[in-house]
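Participant: make a model of this:
(one chain, ligands or ions: 1)
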Amino acid sequence: MPGLPPRPPSPNLALDQLVHERRAAGESLVHLAFGEARLPLLPGLADALAAGAGQASYGPVAGRAEAREAVAGYFARRALPTGADQIVLAPGSKPLLMALQLALPGDVLLPAPAWNTYAPQAAYAGKRAIGVPVPVGCGGIPEPAALRTALTRARTTGREPGSLVLTLPDNPTGTLAPADLVREVCEVAAAEDLVIISDEIYRDVLHYPAASYLSPAEIAPERTVITTGLSKSLGIGGWRIGAARFPAGELGRQLRDGVVSAASELWSTLAGPMQHVAAYAFAEPPEVVGRLRDAARLHGAVARAVHRIALGAGADCRPPTGAFYVYPDFGPMRAELAARGVTDSASLARRLLEESGVVVLGGHLLGDDPEALRFKAATSLLYGDEEQQREALAAADPVRLPHIAAQLTRIAVAFAGLTGRPVPGHAFLEATR
Ligand SMILES: Cc1ncc(COP(=O)(O)O)c(C=O)c1O
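Facilitator: Sure thing, here's the model as predicted:
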């Protein structure tokens, strides 16, 4: 229809579809372009789903009391006392992030690079997404001085930013911003009267114990909304269970009401059986805690191996500390790559696909400088079929399992092949902390 703006599908979902089609046609691909934690379903989750099957009526828009109480308890165990009335459940955190954009005034400030959905959601809400570069050592938060500059620049051009998204730990860099930087950024947000949206969907996928985790809601409680969910930590993205925690106080109530209003027009309520699952999982019985621990260990081991591969190929790369991503920067190899016709992140991602069958997400799709030679590699699809995933979860040294080592070797050959470097030995299989 004339006048309709082009809205391409989300690039990670589009690439996932491409991989399915090309694999169905017989091609062998290493899929590093989709952030799904593919793990065997925890039996307790299946039991909770079955037990909730009778919950077939619509139910309250914000979610049933038992499920909201379980989520409130989850936050209380993380140093954030929370009432059930501060919680809204939804079919995934993605719609909650969209509803927040609809409820909030003003443009939105994002770290650059950032998860590929924030900017299109801002556009759907009629806002401008303003990307602010992340610090050298971590992603998920804007560099504080750059944030101040971006705010000043936005205002001189007549824009009024109203919110700031932080991702802790981060997709796409796989890092957790240190507490002092989180504090500094929150202080800027408070001084500038920005609402903070703290996307904490990877909080339970930290590779090391979470002693140093500092939520923006601990620093700026009156203005921070947290979103979370079970898609990543428990690998049930297809079940679509997300939750938001709103601040106590007047602003929190207004934001919650705005989100509930959008929810009432968009999704009505989280499916009843899924609310039963949420009540079970957010209560964190021992088997859930054990699964979170084993999964985080596996994600960390494999992400660190891909990190070592990237360094071995001559790239810069922040050491991963959370989630299941690495974000290599082949800038140091720019001359060698240019000689081979690779000059930006799009051509870099294309070359990896065409020459090596390795599928990654170019940084240009994540709000990064398109000229930069960076891409996101999601490492959580390397664990094999269901039986192999079980083995990987239980293994002391998962990267040495033949099915994982074989894929890592293929990635090492692909990365080295970009610049014609000699293919490395198997040093990337040596576990490091
Ligand atoms: C940073 C981040 N936030 C939110 C989501 C959305 O997850 P869901 O809608 O499954 O809760 C994702 C999924 O990829 C993500 O990476």
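Participant: ok, Pro169 touching Ile201?
Facilitator: No. Contact between Pro169 and Ile201 fails when scored by Cβ atoms under 8 Å: they sit 9.2 Å apart. For the C-beta atoms, the positions are set from N, CA and C on the backbone; glycine is no exception.
Participant: and the helix or strand bottoming out on mean pLDDT in the chain, what does it pack onto?
Facilitator: Counting by mean pLDDT, DSSP states H and E, the chain has its least confident helix or strand at helix 11-24, which shows a mean of 84. Helices and strands touching helix 11-24, by 3 or more Cβ pairs under 8 Å, 6 or more residues apart in numbering; DSSP states H and E, are strand 358-359, strand 361-362.
Participant: among those, which comes closest to Thr228?
Facilitator: Minimum separation from Thr228 across the helices and strands packed on helix 11-24 (Cβ to Cβ) falls at strand 361-362, 22.7 Å.
Participant: mind listing the strands the helix or strand following the closest one pairs with, and their directions?
Facilitator: Following strand 361-362 in sequence order, the next helix or strand is strand 375-378 (DSSP states H and E). Using DSSP bridges, the strands paired with strand 375-378 are strand 325-326 (antiparallel), strand 361-362 (antiparallel).
Participant: using CSV, please lay out those strands together with mean pLDDT.
Facilitator: Supplementary listing: the strands paired with strand 375-378 in CSV, determined by pLDDT from 0 to 100:
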stretch, mean pLDDT
strand 325-326, 98
strand 361-362, 96
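Participant: quick check: which of the ones you listed is buried the most?
Facilitator: Most buried of the strands paired with strand 375-378 by mean neighbour count (mean count of other Cβ atoms under 10 Å) is strand 325-326; its value is a mean of 30.
Participant: quick one: that one near the ligand?
Facilitator: No. Residues of strand 325-326 are not located near the ligand by Cβ under 6 Å from any ligand atom, the shortest gap being 8.7 Å.
Participant: what separates stretch 313-323 from the chain centre, distance-wise?
Facilitator: Stretch 313-323 sits 16 Å away from the centroid of its parent chain (Cα atoms, centre = their mean, to the nearest Å).
Participant: endpoints of that stretch, how far apart?
Facilitator: The straight-line separation of the ends of stretch 313-323 (Cα to Cα, to the nearest Å) is 22 Å.
Participant: before we move on, what about stretch 216-228?
Facilitator: End-to-end span of stretch 216-228 (Cα to Cα): 14 Å.
Participant: residues contacting the closest residue to Ala37 other than its chain neighbours?
Facilitator: In space, and not counting its chain neighbours, Ala37 is closest to Gly235: 4.1 Å by Cβ to Cβ, 6 or more residues apart in numbering. By Cβ atoms under 8 Å, 6 or more residues apart in numbering, the residues touching Gly235 are 36-39, 41, 295.
Participant: any buried residues in the longest helix seen in the chain, and which?
Facilitator: Using DSSP state H to define each element, the chain has its longest helix at helix 286-312. Neighbour counts over helix 286-312 (16 or more other Cβ atoms under 10 Å) mark 288, 291-292, 295-312 as buried.
Participant: among the helices and strands packed on helix 11-24, which is nearest the ligand?
Facilitator: Closest to the ligand of the helices and strands packed on helix 11-24, according to Cβ to the nearest ligand atom: strand 361-362, at 11.2 Å.
Participant: picking that back up, dump the helices and strands packed on helix 11-24 into JSON lines; add distance to Ser231 as well.
Facilitator: Converted to JSON lines, the helices and strands packed on helix 11-24 look like this (distance: least, Cβ to Cβ, whole Å):
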{"stretch": "strand 358-359", "distance to Ser231": "20"}
{"stretch": "strand 361-362", "distance to Ser231": "17"}
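Participant: contacting residues for the closest residue to the ligand within the stretch 251-400 of the chain?
Facilitator: Taking Cβ to the nearest ligand atom as the measure, the point where the stretch 251-400 of the chain comes nearest the ligand is Ala323, at 7.6 Å. Each residue near Ala323 by Cβ under 8 Å, 6+ apart is listed here: 35, 169-171, 174, 202, 205, 232, 299, 303.
Participant: just checking, what packs against the host helix or strand of Ala119?
Facilitator: Assigned by DSSP H and E, Ala119 falls within helix 118-124. Secondary-structure packing of helix 118-124 (3+ Cβ pairs under 8 Å, 6+ apart): helix 93-103, strand 107-112, strand 129-133.
Participant: tell me the secondary structure for the most centrally placed residue in the chain?
Facilitator: Nearest to the mean C-alpha position of the chain, counting by Cα atoms, centre = their mean, stands Asn171 at 3.8 Å. The three-state label given to Asn171 by DSSP: H, G, I helix; E, B strand; the rest coil is coil.
Participant: hmm, back to that, return the most buried member of the helices and strands packed on helix 118-124.
Facilitator: Mean neighbour counts were taken over the helices and strands packed on helix 118-124 using mean count of other Cβ under 10 Å, and the top value, a mean of 26, falls to strand 107-112.
Participant: quick one: mean pLDDT over it.
Facilitator: Here strand 107-112 scores 98 as its mean pLDDT.
Participant: report how many residues lie close to Phe324.
Facilitator: Counted with other Cβ atoms under 10 Å, residues neighbouring Phe324 total 30.
Participant: check contacts around the closest residue to it other than its chain neighbours.
Facilitator: Nearest non-adjacent residue to Phe324, counting by Cβ to Cβ, 6+ apart: Ser380, 3.8 Å away. The contact partners of Ser380, taken as Cβ under 8 Å, 6+ apart, are 35-38, 299, 302, 324.
Participant: now the strands for the stretch 201-350 of the chain?
Facilitator: In the stretch 201-350 of the chain, the strands defined using DSSP state E, counting those that start in this stretch lie at 224-229, 242-245, 325-326.
Participant: out of these, deepest packed?
Facilitator: Comparing these by mean neighbour count (mean count of other Cβ under 10 Å), strand 325-326 ranks first with a mean of 30.
Participant: contacts for that strand?
Facilitator: With contacts defined as Cβ under 8 Å, 6+ apart, strand 325-326 is touched by 35, 170-174, 303, 306-307, 310, 317-318, 320, 376-379.
Participant: and if you look at stretch 75-90?
Facilitator: By Cβ under 8 Å, 6+ apart, stretch 75-90 touches 61-63, 65, 67-69, 71-73, 96, 99, 203, 213, 215, 217-218, 226, 241-248, 252, 256, 259-260, 263, 267, 269-270, 275, 278, 284.
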